[in-house]
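**Q** Would you be able to build a 3D model of this:
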Amino acid sequence: MMNTASHAMVAWRALLFVLFTFVAACAPNLTAAMVVNEIVYKDNAAYYNSGDWVELFNSSANPTNIGGWIVMDSGGHSYTNPPDTTVPAYGYVVVYGSAKFPIAYPSVTNRVGPSNISLGSNDAVIIITSSGVVEDEVKYECGSAGWPYAYGTGRSIALLYPYESNQEAANWQASTALGGSPGAMNPGAVGMRVTEHNRTPDGPTSSQQVNIAIQAKDAFFSITSVTANVDWGGGYQPSPMTALPSDQYSITLPPTNNGRLVRYYFTLRNNAGQRYDAWWSSTNEPYLYVVDDAPDYSGFVINEIMYNSSNLWLGGGYEYVEIFNTRTSAVNISYWQFRDSSDKFRLPAAVSVPAGGYIVLADDTQAVLGVYGPWPTNALLFSLPELGLANSGEVVKWQDANGISLNQLTYDDAPPWPTQPDGHGPSLELMDPALDNQLPQSWAAATQFGTPGYRNSVTPEPCGMLVSGLVVWSAIRCRRQP
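**A** Here you go, the predicted model:
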């Protein structure tokens, strides 16, 4: 039965157990081709009388046709780009709102408009593709929460790091020039980034060397050197990486002791004198691996997915993914990872999941607690505010600290997958942990609204036997206990 606890009850429950939080490493624009790159939300006639405008940056190395794409503000004002609006590789397009813009900037020809977009001091800019997918979204504030103040100053707010999260205020600045830089690179912008990262082996033993290879690129200048900064437990030590063809760089690290946690990040430099530190995430989480001579992480199953709830919580929706530990012993899951098709998340250190326990990853933990009531002691609840599961289906992955896949599947919202979980209330539940969860016939819609942290409503009482420390679950339908 759904629990409709009050806000006070939700707050009281939250004091009874710890909600672990791990950070979203990639915001949506890390995988978007078109990035919201510069915004004027209130010009000043004393400097430039251009009206509101938004600049989009094509962060890919290929031209992108954005004909039919929609640019929208939070008030619902929208503009549809004309057919065959093509933005060149690493190029720009300005969506302007007033006929005054071409007069103020006659040399900016890579523009479309006028539009009816009207941006306030606290607003949002949303890019929607012609197929209805949100490509990028920025919610900004004027001079608060770390956002630069640019209201009525004749300046824009300009993105400094177009390959990092443009939802983070720290990655923006007020433009250094009055009027901004429409249709051109933002002054001081850093276009360096790591586009590929490979480690061989992913999870080394104490007798193995580790080869790390990356591809590093710069959208605006040329990279001149790359350094790997490696921490073996006593602080980061820099080592130059060997340059190879096709923007590749490599380094080989020597073997180290079993159980050692090795962290690293990369320092890139270019011919413009810029430096960029490339971490695993935009919040300075390092790349890492754990040396393990006897890895054994079997028994973890992606067990339940709420990818499009009904509006059960204060008129809004929520999302979660549940992973089930079928083992008969607790497992240390420090630094383990969850990934979907566009984002990656890492758990914090010193985390252990109980035998037969659950890991629930939710975008709104308060909603989960308010809807589903008291939290069981054998379940961990993690907050992932940036979790954004596709309603039409996507790949989801559960990985160990070394990025080795333990379980993954691609769900869908169309037959033969159950369709009820797509916005009608129930979650998508695995019918038995022993079934192949990559197959749609292994899943069913929850009988009510889902069971995060509890045995699935469509799963029979488990029958099992102990085999070499693992529970072998039977698909026989046993009598359910009250």
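
**Q** okay, CA-based contacts and neighbour counts for the rest of this
**A** Noted.

**Q** burial count for the residue lying closest to His197 once chain neighbours are set aside?
**A** Counting by C-alpha to C-alpha, 6 or more residues apart in numbering, the nearest residue to His197 once its immediate chain neighbours are dropped is Ile214, at 4.5 Å. Applying other C-alpha atoms under 10 Å, we find 21 residues neighbouring Ile214.

**Q** Next: Ala294.
**A** When counting by other C-alpha under 10 Å, one arrives at 9 neighbours for Ala294.

**Q** now do Ile323
**A** The burial count assigned to Ile323 is 23, neighbours taken as other C-alpha under 10 Å.

**Q** follow-up on the earlier one: on the three-state scheme, the residue nearest to His197 is what?
**A** Secondary structure for Ile214, judged by DSSP: H, G, I helix; E, B strand; the rest coil, is strand.

**Q** can you pull the buried residues of stretch 362-381?
**A** Along stretch 362-381, these residues count as buried under the neighbour rule (16 or more other C-alpha atoms under 10 Å): 362-375, 379-381.

**Q** now do stretch 178-197
**A** Buried residues in stretch 178-197 (16+ other C-alpha under 10 Å): 179-186, 189-194.

**Q** Just the ones in strands from the residues you listed, please.
**A** Met192, Arg193, Val194 (DSSP state E).

**Q** give me the number of residues near the nearest residue to the last one once chain neighbours are set aside?
**A** Read that as Val194. Setting aside the residues directly before and after it, Val194 is nearest to Ala216 in space (C-alpha to C-alpha, 6+ apart), at 4.5 Å. By other C-alpha under 10 Å, 21 other residues sit near Ala216.

**Q** now swap in Gly233 and tell me
**A** If you count neighbours by other C-alpha under 10 Å, Gly233 ends up with 10.

**Q** That one contacts Tyr264, doesn't it?
**A** No: using C-alpha atoms under 8 Å, Gly233 and Tyr264 do not qualify as a contacting pair, with a distance of 10.8 Å.

**Q** coming back round to it: contact partners for the residue nearest to Val194?
**A** Met192, Arg193, Val194, Thr195, Glu196, Ile223, Asp247, Gln248, Tyr249, Leu268 (C-alpha atoms under 8 Å, 6 or more residues apart in numbering).

**Q** Could you dump those into TSV and include distance to Gly91 and pLDDT?
**A** Written out in TSV, the entries for the contacts of Ala216 read as follows (distance: C-alpha to C-alpha, whole Å; pLDDT from 0 to 100):
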residue	distance to Gly91	pLDDT
Met192	15	98
Arg193	17	97
Val194	19	97
Thr195	18	95
Glu196	22	96
Ile223	19	98
Asp247	21	97
Gln248	24	98
Tyr249	26	98
Leu268	22	98
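
**Q** Among those residues, which pair sits farthest apart?
**A** Glu196 and Ile223 (15.1 Å; C-alpha to C-alpha).

**Q** could you measure the closest residue to Asn116 other than its chain neighbours against Ser165, distance?
**A** Here the nearest residue to Asn116 in space, its sequence neighbours aside, is Gly97; by C-alpha to C-alpha, 6+ apart that works out to 5.6 Å. Taking C-alpha to C-alpha, to the nearest Å as the criterion, Gly97 is separated from Ser165 by 25 Å.

**Q** could you pull out the strands for the stretch 201-350 of the chain?
**A** Along the stretch 201-350 of the chain, the stretches classed as strands by DSSP state E, counting those that start in this stretch are 210-218, 223-231, 236-240, 242-244, 248-253, 261-270, 275-278, 287-290, 300-306, 320-325, 331-332, 337-339, 344-346.

**Q** Make JSON lines from those strands and add distance to Val134 to it.
**A** Below are the strands of the stretch 201-350 of the chain laid out as JSON lines (distance: least, C-alpha to C-alpha, whole Å):
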{"stretch": "strand 210-218", "distance to Val134": "26"}
{"stretch": "strand 223-231", "distance to Val134": "32"}
{"stretch": "strand 236-240", "distance to Val134": "38"}
{"stretch": "strand 242-244", "distance to Val134": "37"}
{"stretch": "strand 248-253", "distance to Val134": "32"}
{"stretch": "strand 261-270", "distance to Val134": "30"}
{"stretch": "strand 275-278", "distance to Val134": "26"}
{"stretch": "strand 287-290", "distance to Val134": "28"}
{"stretch": "strand 300-306", "distance to Val134": "19"}
{"stretch": "strand 320-325", "distance to Val134": "20"}
{"stretch": "strand 331-332", "distance to Val134": "36"}
{"stretch": "strand 337-339", "distance to Val134": "19"}
{"stretch": "strand 344-346", "distance to Val134": "18"}
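
**Q** Between the ones you listed, which one is closest to Gly423.
**A** When those are compared (using C-alpha to C-alpha), the closest one is strand 300-306, at 9.3 Å.

**Q** what stretches of this protein score poorly on pLDDT?
**A** Counting by pLDDT under 70, the chain shows low-confidence ranges at 1-32, 44-47, 461-482.

**Q** try 80
**A** Low-confidence segments of the chain, defined by pLDDT under 80, are located at 1-32, 43-49, 282, 312-315, 342, 460-482.

**Q** Spatially central, which residue of it would that be?
**A** Centroid-nearest residue in the chain: Asp343, 3.1 Å away (criterion: C-alpha atoms, centre = their mean).

**Q** if I look at Pro182, how far off is Asp202?
**A** From Pro182 across to Asp202, the span is 43 Å (C-alpha to C-alpha).

**Q** whoops, I mixed them up, Tyr318
**A** Remark: distance between Tyr318 and Asp202 (C-alpha to C-alpha) = 33 Å.

**Q** Compare neighbour counts for those two and give me the winner.
**A** When neighbours are counted by other C-alpha under 10 Å, Tyr318 comes out ahead of the other of Tyr318 and Asp202, with 22 against 18.

**Q** got a list of what that one touches?
**A** Taking C-alpha under 8 Å, 6+ apart as the definition, contacts of Tyr318 comprise Met306, Tyr307, Asn308, Ser309, Asn311, Ala362, Asp363, Asp364, Ala367, Val368.

**Q** and what of Asn65?
**A** The contact partners of Asn65, by C-alpha under 8 Å, 6+ apart, come to Asp84, Thr85, Thr86, Val87.

**Q** Any idea how many residues pack against the first one?
**A** Asp84 has 11 neighbours, counted by other C-alpha under 10 Å.

**Q** show me what contacts it?
**A** Asn65, Ile66, Gly67.
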